[in-house]
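Asks: 3D, please:
(2 chains)
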Number of protein chains: 2
Amino acid sequence: MTVFALRDAGDLAENATAYVSLEPCNHFGRTPPCTEALIKAKVRKVVVGMVDPNPLVASKGIDRLRAAGIEVTFGVEEALCKSLNEAFVHLMLTKKPLLALRYSISLNGQVSDHLGEGATDSGGYYSKLLQEYDAVILSSTSLSDKLSLPTSQEPGANQPLRIVVAGSSNATLDVPGVAAGVNSKLIIFTDKESGVESKGSLEGVETVILDKINMDAILDYCKRQGMCSVLLDFTGNAYDFEELVKESVEQNLLQKILVEVLPLWCEGNDRNARFPLDMAEVHKIKNLQPKVYNKSIILEGHL
Amino acid sequence: MTVFALRDAGDLAENATAYVSLEPCNHFGRTPPCTEALIKAKVRKVVVGMVDPNPLVASKGIDRLRAAGIEVTFGVEEALCKSLNEAFVHLMLTKKPLLALRYSISLNGQVSDHLGEGATDSGGYYSKLLQEYDAVILSSTSLSDKLSLPTSQEPGANQPLRIVVAGSSNATLDVPGVAAGVNSKLIIFTDKESGVESKGSLEGVETVILDKINMDAILDYCKRQGMCSVLLDFTGNAYDFEELVKESVEQNLLQKILVEVLPLWCEGNDRNARFPLDMAEVHKIKNLQPKVYNKSIILEGHL
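Replies: Numbers count the residues shown, from 1 in each chain, chains lettered A, B, ... in the order given. Below you'll find the predicted structure:
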């Protein structure tokens, strides 16, 4: 990112101060080393939010800049930067993408497929959320006509990779209906007994067939694609997610939850689904914080 | 209230400015007219938050002050004052006390008897809430040993009148066990078939026997006691409240809800109760606002 910013700044970078949320790297990754770009651009000072937890960097970037005569300050607004870089930090420390679970609930405790007014519009919380995550896991019903594949409406948004889970227990999978809804790459995770395989391949759709759909395999796939963050969007067919959510909690694969509290008292939807945790154990959610979004309240917390 | 404040201020009131959230009354109620007290105290100016909706007052207070040569401004921070005087305004406009419903819910939608950490301590949201309401409606299980009668821990708090609803369907009513828990007046609303009557009377406990327990009768009782606000605390035996909540919603007797969202995923409690609204209709909750209290989120809204 530093490399791109410097390219945009051109000559203006000379003698300027660069502010970066994360320590500039000193190695070749997806871009050339950021440190070298800063040195070449002749910046005078670099203010670093947080030191990179990546063992490949770990203060080497700061050392390199100082050796080149650039003044460096670090740990500025560190907590904020850690939150901003949350998924990246998680990946570096655990070697797995950060997994978040989103769902909606009414004020009388009914898990709901609904999103609040304006949530999917440009500027809406859900539209913004899709932009923040590298991939989004969806129920098999998202392939049917009832629900369209979610898309961020933010201008110039990087759309998340859409991952659909469709197990053998699911009869609603409508592969021929997929093509119309696809406007970016789509991955279907399925199992051997689902018969999805036999329905043939579709352009822009990749099918991954597992012995049994499991979260570890999905996260591993995402990691290999260079992804930092994955959102499980709990709408549609609850049965698609039952085992996934359970094992994500049991195996500590789930880090974050986002709950939209809808300003409603209402009946449950016809799938009659409750939240898919049927465990005797109590799970505490940490640092629960509310945000008012339109008429709903968005609660964010960590496991 | 104005009368008491002026008594405390003594000579200091002369030529001073008095700030009142509600228009001073011009008639004899529970205190002598506030207008006359202000005139007698020779205040120079009165700043009024909101005009009194009581038809007995309705700007007559302001007129009287002005006629006595006192400068009057009104409508200052009116929205805030309306919120502060919410229950009183409701009583004036509808002739019924304001009814609020409180309950706790886990993040996975389970209605729970639990309150968050510190909620019942001095300064805790629940302790403060009890002080704000004139009466609190409780389940029959609050008379058993499991739950003690709730008491505000705020210093010098006016304890709410405790109203226990115990219908014939309820076998847990433990009248002999009541006496120990009572430290202020207690009213038991029951029905003819409950047999509570035959268990004899207890000091400090009043028993009201109805054909059928109903919210209208409870609110009417509270109104006759000069009460403005009643809180239904949805804990304990859900069956005690099932009909009451339903009819409160249907008859527009319920104005406000207070929902504590507990930072937990957990199983339902053994009573296996869900929120007691089993209606096809969707009810919209207006002006939903969150407050962070300790580790919980308190959501407040209006019907």
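
Asks: The closest residue to residue A:24 other than its chain neighbours - how many residues pack around it?
Replies: For residue A:24, ignoring the flanking residues on the chain, the nearest one in space by C-beta to C-beta, 6 or more residues apart in numbering or on different chains is residue A:34 at 3.5 Å. Where you see a C-beta, it was placed from the backbone N, CA and C, and this is true even at glycine. By other C-beta atoms under 10 Å in any protein chain shown, 28 other residues sit near residue A:34.

Asks: I'd say residue A:34 and residue A:28 touch.
Replies: No: counting by C-beta atoms under 8 Å, residue A:34 stays clear of residue A:28, with 10.6 Å between them.

Asks: Start and end of stretch A:5-23, how far apart?
Replies: Using C-alpha to C-alpha, to the nearest Å, one end of stretch A:5-23 lies 15 Å from the other.

Asks: Any idea how far that stretch is from the middle of the chain?
Replies: Stretch A:5-23 has its C-alpha centroid displaced from the chain centroid by 28 Å (C-alpha atoms, centre = their mean, to the nearest Å).

Asks: ok, and for it, which residues are buried?
Replies: With burial defined by 16 or more other C-beta atoms under 10 Å in any protein chain shown, the residues of stretch A:5-23 counted as buried are A:5-6, A:13, A:16, A:18, A:20-23.

Asks: Also stretch A:113-130?
Replies: By 16+ other C-beta under 10 Å, the buried positions in stretch A:113-130 come out as A:113-116, A:118-120, A:124-130.

Asks: Just the buried residues of stretch A:5-23: which are in strands?
Replies: In this view, the buried residues of stretch A:5-23 that belong to strands under DSSP state E are A:18, A:20-22.

Asks: Export the residues you listed to a markdown table and append columns for pLDDT and distance to residue A:291.
Replies: A markdown table is the format used below for those (pLDDT from 0 to 100; distance: C-beta to C-beta, whole Å):
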| residue | pLDDT | distance to residue A:291 |
| --- | --- | --- |
| A:18 | 92 | 31 |
| A:20 | 91 | 27 |
| A:21 | 90 | 21 |
| A:22 | 88 | 24 |
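
Asks: picking that back up, tell me which two of the buried residues of stretch A:113-130 sit farthest apart.
Replies: Within those, two members stand farthest from each other by C-beta to C-beta: A:113 and A:128, at 19.6 Å.

Asks: what are the ranges of the helices in the stretch 51-200 of chain A?
Replies: Ranges of helices in the stretch 51-200 of chain A, per DSSP state H, counting those that start in this stretch, are A:60-67, A:78-84, A:86-94, A:125-132, A:178-181.

Asks: Of these, give the one that comes closest to chain B.
Replies: Proximity to chain B, assessed across those by C-beta to the nearest C-beta, is greatest for helix A:125-132 (14.1 Å).

Asks: what's the spacing between that closest one and its chain's center?
Replies: With C-alpha atoms, centre = their mean, you get 9 Å for helix A:125-132.

Asks: and that helix, does that touch chain B?
Replies: No: among the residues of helix A:125-132, none lie within reach of chain B under C-beta under 8 Å from any C-beta of the partner chain; the closest is 14.1 Å away.

Asks: Residues in contact with that helix: which ones?
Replies: Outside of helix A:125-132, the residues that reach it under the criterion C-beta atoms under 8 Å, 6 or more residues apart in numbering or on different chains are A:102, A:115-116, A:119-121, A:136, A:150-154, A:157-160, A:229, A:231, A:258, A:260, A:291, A:293, A:298.

Asks: shaky segments in the stretch 201-303 of chain A?
Replies: For the stretch 201-303 of chain A, the stretches with pLDDT under 70 are A:201-204, A:268-280.

Asks: doesn't residue A:240 make contact with residue A:167?
Replies: Yes: using C-beta under 8 Å as the test, residue A:167 is close enough to residue A:240 to be in contact (6.4 Å).

Asks: The two: which has the busier surroundings?
Replies: residue A:240 (27 against 23).

Asks: quick check, that one in a helix?
Replies: Yes: under DSSP: H, G, I helix; E, B strand; the rest coil, residue A:240 sits within a helix.

Asks: residues contacting it?
Replies: Contact analysis of residue A:240 by C-beta under 8 Å, 6+ apart lists A:139-141, A:165-167, A:170.

Asks: Distance-wise, check the residue nearest to residue A:32 when sequence neighbours are not counted relative to residue B:8.
Replies: Nearest residue to residue A:32, sequence neighbours excluded (C-beta to C-beta, 6+ apart): residue A:3, at 6.3 Å. Using C-beta to C-beta, to the nearest Å, one obtains 70 Å as the distance from residue A:3 to residue B:8.

Asks: still on that earlier bit, next step: the contacts of residue A:240 restricted to strands.
Replies: Per DSSP E, those map to strands at A:139, A:165-166.

Asks: and which of the residues you listed is nearest chain B?
Replies: residue A:139 (17.9 Å).

Asks: Could I get the phi/psi values of the residue nearest to residue A:24?
Replies: Backbone torsions of residue A:34, given as degrees, to the nearest 10, read phi -70, psi -30.
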